[in-house]
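A.B. asks: predicted model and sequence below, questions to follow.
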There are 4 protein chains.
Amino acid sequence: MDAQATVPEAVPGVAPGEAPAGAKFALERVVFFSDAVFAIAITLLVLEIEVPHLPHDAPPHRYWEALYELVPSFLAFLLSFLVIGRFWLSHHQIFGRVKRFDVRLIWPNMLYLLSIGFMPFTTAFMAAGRNTFVPALCYNLNLLVAGLLVWLLMYRVEKLDLAAPSPDQGQTGSPSVVAAALLSIALTFVIPALSQFGMVTIPLWRRLFRRRSAA
Amino acid sequence: MDAQATVPEAVPGVAPGEAPAGAKFALERVVFFSDAVFAIAITLLVLEIEVPHLPHDAPPHRYWEALYELVPSFLAFLLSFLVIGRFWLSHHQIFGRVKRFDVRLIWPNMLYLLSIGFMPFTTAFMAAGRNTFVPALCYNLNLLVAGLLVWLLMYRVEKLDLAAPSPDQGQTGSPSVVAAALLSIALTFVIPALSQFGMVTIPLWRRLFRRRSAA
Amino acid sequence: MDAQATVPEAVPGVAPGEAPAGAKFALERVVFFSDAVFAIAITLLVLEIEVPHLPHDAPPHRYWEALYELVPSFLAFLLSFLVIGRFWLSHHQIFGRVKRFDVRLIWPNMLYLLSIGFMPFTTAFMAAGRNTFVPALCYNLNLLVAGLLVWLLMYRVEKLDLAAPSPDQGQTGSPSVVAAALLSIALTFVIPALSQFGMVTIPLWRRLFRRRSAA
Amino acid sequence: MDAQATVPEAVPGVAPGEAPAGAKFALERVVFFSDAVFAIAITLLVLEIEVPHLPHDAPPHRYWEALYELVPSFLAFLLSFLVIGRFWLSHHQIFGRVKRFDVRLIWPNMLYLLSIGFMPFTTAFMAAGRNTFVPALCYNLNLLVAGLLVWLLMYRVEKLDLAAPSPDQGQTGSPSVVAAALLSIALTFVIPALSQFGMVTIPLWRRLFRRRSAA
């Protein structure tokens, strides 16, 4: 039996009958390009935290004060790191089910990456604005747009019939991110400083949506 | 039957008769290195948008004004994100057809990456210069050079006979980018502030060139 | 004989019975995403070194003085490059033994990456603060947290029974980093300026722990 | 015949008798991590070029003057892009011949990456210092150190007997970089502003060394 002939089925992106050279990369490249954008956006976050420069003979309490001043920046870094991590996981789950490359995935994916690549700005703006109304609203809108775009991406994958059938959690990931972002935006109008806690409810929404789709 | 002997055909970058170890990486590495450069250039764009730092008790309208001031930066970010995304797609299509690695691809590819890696500068310059003549010209020249270099890369691939035969759209991608960049440069001399809209015509040029090559 | 059925064993991340398409990427993507974060964090370190801008006719001795002023930054860059390199190697060794993807690895891995992504800040803070008490403590705490998180990751891998059995050095890597970080923290309270030399003891701890586990 | 049993020989990093899961990644990860560091270093170069911010109603000639002021930065960007590209190519050629992973490659490779990761600093320093003696010397020393480290890496690969035999150009790449860097350093003491032209001689040294090794 010819082992070679069955390899294309095991390698995503190579449809039977297609030229195997190059085609093998088609899906891989989209995924690795996306991974790189996520990784850079998540790591650039730290560049937005301004390093305190104190005189050389500054006593320790001055350093503690300088760090205390940066607490909003630290919290924003932490939150955005976890949020971008969560968005990466959604991307990971969606593309984990994609069986073959389709050029119509490129632009929905690129727009999703655009919303992720914008997060270092909204994160720094939120930290600089001490989480007051406008900066908090911008941040939460960015989350909402990213959530909608990952939903669009998932929808496109389903509609193009690119996804392997699966009853897994990937299917409730995007709606719950959107629900949590909407809650955050609603909270912005009441208590902007605490509005980001809306994101903490992601697991609750996921449980809710999973129960409904199981019912 | 010797499975080993058939592997090279399935793995791009392994020419028959070449040592398979290591050679498997030759093409992959060029592609992933290029992907990383694209991903970094596209994500660095956001670092050039200056985050507004307002006093802590600034009223919301001050924040809205600060954001309004940044509109040229946002538009430049958006445009360059999509343009670099389009250039990445051209690269993706060209290398998707490359059957094997050839060292003579390295330098045309590196020069192409150089023109991409320079875009965060020209983007920020255009945004800072409010799209007046000189900054708009620099930006559009950068697009033109990148368009010419991706054309050169495609030409090299064809000439070295590295590409799998294909009647696909990859062949009209580069000329249409060049045509759109030339239109943008012409517009710069008339209405610099709107010159970037030349890039919007890429799909029109593609349709035109495809019809002509079909004729 | 069915070649297809045996592929999953050779390809990490493909559990038997799972759809092979896409699943092949599951583990690879986590690893390459992590690699990208390590690579970015390690390369961003250099951005924190401020480039001296002297008047054009400044004599050479002014340049030497400017470089001398930067010695703490150079040392911090060098140390953090090697430390992040060491942490990357631990990650490399742990995932080198992982046989298949498990979603429960995602968050311990993400937290580990968070501690790595924070290092450009603590490195620059230490360099700006000339290694006095508070900055040195923050830096050493960052190392400790990263050391504990890589230990947690290793523990999770063992507990989920994802690792191939191996008597190799990967098993003593994390405890020795934690021990060295604890020593660095202890030194911070005595001679903060020299506290980072605690990291130099990593090889000694490794030898010690290996001897104990062999006994 | 069992196709499975022969796969490990085709996959670099999997030594016969080793557990195949995970081991497949060992060499790949080192290479992709290195690629990411090269890609980031090469793309960060552009961040060191300061974007001119002129008043909104500045006439075109002010913009041209601002760009003229940046010529040393543009030249430094261009030179370092090509130099890092050349160093990447050396890395590519060395690892293209590596047959299997060996942990003793990690640290020589990491030190080589350190010298590459430092180049955005020396490049910006050279541009800011208008290529006078001290900045030019630092830049050329950085090139020399990188050249020596890539030579060390090549030597290590040969000595550990990890490389597939090959009469190719990879073997003269490193000595010619070192020779060119030494020439640049010598030129620094005579005409610092032109010292970087020493790098242009790389192809000449390569031809010379190749002829000698052929003789």
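C.D. replies: Structure's in. What do you need?
A.B. asks: from now on I want contacts and neighbour counts done on CA atoms only, so please keep to that.
C.D. replies: Will do.
A.B. asks: any low-confidence regions in chain A?
C.D. replies: Low-confidence segments of chain A, defined by pLDDT under 70: A:1-25, A:165-173, A:215.
A.B. asks: all strands of it, in order?
C.D. replies: Ranges of strands in chain A, per DSSP state E: none exist.
A.B. asks: so which residue is dead centre in it?
C.D. replies: residue A:87 (2.2 Å; Cα atoms, centre = their mean).
A.B. asks: residues in contact with it?
C.D. replies: With contacts defined as Cα atoms under 8 Å, 6 or more residues apart in numbering or on different chains, the neighbours of residue A:87 are residue A:147.
A.B. asks: for residue C:75, see how far away it is.
C.D. replies: 36 Å (Cα to Cα, to the nearest Å).
A.B. asks: same question for residue A:162.
C.D. replies: If you go by Cα to Cα, the gap between residue A:162 and residue C:75 works out to 51 Å.
A.B. asks: with residue A:41 instead?
C.D. replies: In terms of Cα to Cα, residue A:41 sits 27 Å off from residue C:75.
A.B. asks: so those two - more neighbours on which side?
C.D. replies: Set side by side, residue A:41 and residue C:75 show more neighbours around residue A:41, with 28 against 13, by other Cα atoms under 10 Å in any protein chain shown.
A.B. asks: isn't residue A:100 up against residue A:162?
C.D. replies: Yes: counting by Cα atoms under 8 Å, residue A:162 is a contact partner of residue A:100 at 6.3 Å.
A.B. asks: check contacts around the nearest residue to residue A:45 once chain neighbours are set aside.
C.D. replies: Sequence neighbours aside, residue A:120 is the residue nearest to residue A:45 in space, at 5.2 Å (criterion: Cα to Cα, 6 or more residues apart in numbering or on different chains). The contact partners of residue A:120, taken as Cα under 8 Å, 6+ apart, are A:41, A:42, A:44, A:45, A:48, B:46, B:47.
A.B. asks: looking at the residues you listed, which one is closest to chain D?
C.D. replies: Nearest to chain D out of those is residue B:47 (Cα to the nearest Cα; 9.0 Å).
A.B. asks: isn't that closest one right up against residue A:122?
C.D. replies: No: counting by Cα under 8 Å, residue B:47 does not reach residue A:122; the two are 11.2 Å apart.
A.B. asks: the two: who's more crowded?
C.D. replies: For residue B:47 versus residue A:122, neighbours defined as other Cα under 10 Å are more numerous around residue A:122 (24 against 20).
A.B. asks: in this structure that one contacts residue A:134, no?
C.D. replies: No: using Cα under 8 Å, residue A:122 makes no contact with residue A:134, being 10.6 Å away.
A.B. asks: all helices of chain A, in order?
C.D. replies: A:3-10, A:20-44, A:60-69, A:71-97, A:106-117, A:119-128, A:133-159, A:170-188, A:202-214 (DSSP state H).
A.B. asks: out of the ones you listed, the one nearest residue C:154 is which?
C.D. replies: Residue C:154 lies closest to helix A:71-97 among the helices of chain A, at 19.9 Å (Cα to Cα).
A.B. asks: whatever residue of chain A ends up closest to chain C: neighbour count?
C.D. replies: With Cα to the nearest Cα, the shortest gap between chain A and chain C falls at residue A:96, namely 4.3 Å. When counting by other Cα under 10 Å, one arrives at 23 neighbours for residue A:96.
A.B. asks: could you measure from it over to chain B?
C.D. replies: Look at residue A:96 and chain B: by Cα to the nearest Cα, to the nearest Å, they are 19 Å apart.
A.B. asks: would you agree that residue is in contact with residue C:26?
C.D. replies: Yes: assessed by Cα under 8 Å, residue A:96 is found in contact with residue C:26 at 6.3 Å.
A.B. asks: wait, isn't residue A:76 in contact with residue A:127?
C.D. replies: Yes: between residue A:76 and residue A:127 there is a contact at 6.0 Å, judged by Cα under 8 Å.
A.B. asks: is residue A:34 in contact with residue A:113, as I believe?
C.D. replies: Yes: because the distance of 6.9 Å satisfies Cα under 8 Å, residue A:34 is recorded as touching residue A:113.
A.B. asks: show me the contacts for the closest residue to residue A:129 other than its chain neighbours.
C.D. replies: Nearest non-adjacent residue to residue A:129, counting by Cα to Cα, 6+ apart: residue A:135, 5.9 Å away. If a contact means Cα under 8 Å, 6+ apart, then residue A:135 has A:122, A:125, A:126, A:129, B:63 as its contacts.
A.B. asks: list just the nearest of those to residue A:143.
C.D. replies: For the contacts of residue A:135, the closest approach to residue A:143 (Cα to Cα) belongs to residue A:122, at 9.6 Å.
A.B. asks: which ones are touching that closest one?
C.D. replies: Contacts of residue A:122 were listed using Cα under 8 Å, 6+ apart, and they are A:135, A:138, A:139, A:142.
A.B. asks: name the nearest residue to residue A:64, ignoring sequence neighbours.
C.D. replies: residue C:134 (7.2 Å).
A.B. asks: just checking, that neighbour touches residue A:58?
C.D. replies: No: taking contacts as Cα under 8 Å, residue C:134 lies outside contact range of residue A:58: 10.5 Å.
A.B. asks: so which of those two has more stuff around it?
C.D. replies: The neighbour count for residue C:134 versus residue A:58, taken as other Cα under 10 Å, is higher for residue C:134 (22 against 11).
A.B. asks: for the more buried one, list the residues it contacts.
C.D. replies: Applying Cα under 8 Å, 6+ apart to residue C:134 gives the contacts A:60, A:63, A:64.
A.B. asks: stretch A:194-207: which residues count as buried?
C.D. replies: Under the neighbour-count criterion of 16 or more other Cα atoms under 10 Å in any protein chain shown, stretch A:194-207 has A:195, A:196, A:197, A:198, A:199, A:201, A:202, A:205, A:206 buried.
A.B. asks: what does stretch A:98-108 give?
C.D. replies: A:98, A:99, A:100, A:101, A:105, A:106, A:108.
A.B. asks: show the end-to-end separation of it, please.
C.D. replies: Rule used - Cα to Cα; the end-to-end distance of stretch A:98-108 is 14 Å.
A.B. asks: check contacts around the nearest residue to residue A:141 once chain neighbours are set aside.
C.D. replies: Leaving aside its sequence neighbours, residue A:141 sits nearest to residue A:185 (Cα to Cα, 6+ apart; 7.0 Å). Residue A:185 makes contact with A:137, A:140, A:141, A:195 under the criterion Cα under 8 Å, 6+ apart.
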